[in-house]
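*Asks:* what follows is a predicted structure for the sequence shown.
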Amino acid sequence: MSRPRVLSGIQPTADSFHIGNYLGALRQWVALQETHDTFYCVVDLHAITLPQEPAELRARTRVAAAQLFAAGLDPDSSTVFVQSHVPEHPALEWVLACITGFGEASRMIQFKDKSAKGGADAASVGLFTYPILQAADILLYDADQVPVGEDQRQHLELTRDLAQRFNYRFGPTFVVPGPYILPGVAKIGDLQDPTIKMSKSASSPQGIIDILEDPDSIRRKIMRAVTDTDGEVRADEAAKPGVTNLLRIYAALAGEPVPSLERQYAGAGYGKLKKDLAEVVVDAFGPIRERTEKLLANESELDRLLAAGAEKAHRIAAATMARVRDRMGFLPPA
Ligand code: ATP
Ligand code: LTN
């Protein structure tokens, strides 16, 4: 029995992934290896939809890949690769762009949000077509499922629409991926403003905990996390977003349900909760940080792993693209 195939991607836009990326994506990706045929992609072509410094992009692409392996992706069971190593991604994106309505693309919320931040004139056409490239990532590999957070729901709907439209016009070509599959994953809030999500681009350094951060800095940030003044360790999203966020992180990393933590810390105060949580986080990330550093110290080995991933990805992507070229009526090169 073949396993359902999964594909997901993450942008190399920071020097480290943060605890939200870890709990909301990486950790789920690792778990899926047991049950699915898994493809994971460092999406550097998506990263350049906003300006990137070349040396920084190169370094961050390696750091991103190293963290994926360090977090537990096994190159023998997952295909881990860099998007720009597989030239079929932009090739399919072009074809899909030609069956995407301008109005349809204009309705994508992430584009509206991101372009609003920099001003409409600063937004590139690449940022506008970002979701179409994402659809190409998914459709090239016949992915059945796409593990992403709630914020990506609209991009997945677009991917499904484009796959169905293409299949209808040109004959069965693409697998129509199922809906997003991680509805239960909790959003991790910013430590300084727990009502917004922790984010590489929007959070201040004090609001983010990075996987690769040094332990003392992690401890300091957790001790300074914004809470409230009533002193009661209790989850209540509306009234106590800060404490709720800390409990959520604790529960996810320690594998203990929030209510049991509430009982454990009843009457103990925020200081004790934060102190213990800091150690839980430090213990969880220490081994990942060490493995990442080891991988980064041996660049040629890391690059070899990525080359092997790209080769496997390329074989599949090239076969899909050949199908697409044929269906479209492109004359094969003699
Ligand atoms: P950016 O600010 O550059 O958009 P980000 O930090 O929001 O970056 P993404 O690269 O958009 O992260 O997301 C990568 C993955 O991590 C996605 O699957 C997303 O759902 C997940 N993720 C990101 N932030 C959080 C968070 N705060 N809580 C839970 N999951 C998150
Ligand atoms: N847009 C996604 C990243 C992404 C992705 C993909 C996710 C790019 N290509 C393909 C799933 C499948 C994000 O911002 N999290």
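*Replies:* Here it is on my side, so go on. Ligands and ions are numbered 1, 2, ... in the order given.
*Asks:* C-alpha only now, for contacts and for neighbours.
*Replies:* Will do.
*Asks:* distance of Glu301 from Leu295?
*Replies:* 7 Å (C-alpha to C-alpha, to the nearest Å).
*Asks:* quick one: low-confidence ranges for this structure?
*Replies:* Within the chain, the stretches with pLDDT under 70 are 1, 120, 181-184.
*Asks:* how about the residues of it by ligand 2?
*Replies:* Leu7, Ser8, Gly9, Ile10, Val43, Gln134, Asp137, Ile138, Val146, Val148 (C-alpha under 6 Å from any ligand atom).
*Asks:* re the thing from before, who's more crowded, Glu301 and Leu295?
*Replies:* Set side by side, Glu301 and Leu295 show more neighbours around Leu295, with 21 against 12, by other C-alpha atoms under 10 Å.
*Asks:* the more buried one touches Ala66, doesn't it?
*Replies:* Yes. Shown here, Leu295 and Ala66 form a contact pair, counting by C-alpha atoms under 8 Å, at 6.0 Å.
*Asks:* I figured Ala163 was touching Pro172, is that so?
*Replies:* No. Counting by C-alpha under 8 Å, Pro172 is not a contact partner of Ala163; they are 9.2 Å apart.
*Asks:* who has more neighbours out of the two?
*Replies:* More crowded of Ala163 and Pro172, by other C-alpha under 10 Å: Ala163, with 22 against 14.
*Asks:* contacts only, for that one.
*Replies:* Leu139, Phe174, Val175, Val176 (C-alpha atoms under 8 Å, 6 or more residues apart in numbering).
*Asks:* okay if I get the residues you listed as JSON lines plus distance to ligand 1?
*Replies:* Shown next, in JSON lines, are the contacts of Ala163 (distance: C-alpha to the nearest ligand atom, whole Å):
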{"residue": "Leu139", "distance to ligand 1": "18"}
{"residue": "Phe174", "distance to ligand 1": "23"}
{"residue": "Val175", "distance to ligand 1": "21"}
{"residue": "Val176", "distance to ligand 1": "20"}
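*Asks:* for whichever residue of the stretch 201-334 of the chain sits closest to ligand 1, grab the count of nearby residues.
*Replies:* The minimum distance from the stretch 201-334 of the chain to ligand 1, using C-alpha to the nearest ligand atom, falls at Ser201 (3.7 Å). Neighbourhood size, Ser201 [other C-alpha under 10 Å]: 9.
*Asks:* surely it is within a strand?
*Replies:* No. Under DSSP: H, G, I helix; E, B strand; the rest coil, Ser201 falls outside any strand and is assigned coil.
*Asks:* now it, what are its backbone angles?
*Replies:* Here the main-chain torsion angles of Ser201 (degrees, to the nearest 10) amount to phi -90, psi -30.
*Asks:* how close does it get to Asp210?
*Replies:* Separation of Ser201 from Asp210 (C-alpha to C-alpha): 13 Å.
*Asks:* tell me which parts of this protein are close to ligand 1?
*Replies:* Counting by C-alpha under 6 Å from any ligand atom, the chain sits next to ligand 1 at 10-11, 20-21, 24-25, 148-149, 186-189, 197-202.
*Asks:* recalculate using a threshold of 8 Å.
*Replies:* Proximity of the chain to ligand 1, by C-alpha under 8 Å from any ligand atom, involves residues 8-14, 17-26, 147-152, 185-190, 197-203.
*Asks:* now the residues you listed: which count as buried?
*Replies:* Buried members of the residues of the chain next to ligand 1, scored by 16 or more other C-alpha atoms under 10 Å, are 8-14, 17-26, 147-149, 186-190, 197-200, 203.
*Asks:* can you count the residues close to Glu104?
*Replies:* Look at Glu104: counted by other C-alpha under 10 Å, it has 9 neighbours.
*Asks:* could you do Ser77 as well?
*Replies:* Count around Ser77 with other C-alpha under 10 Å applied: 13.
*Asks:* what sits closest to it if chain neighbours are left out?
*Replies:* The shortest distance from Ser77 to any non-neighbouring residue, by C-alpha to C-alpha, 6 or more residues apart in numbering, is to Gln33 (6.6 Å).
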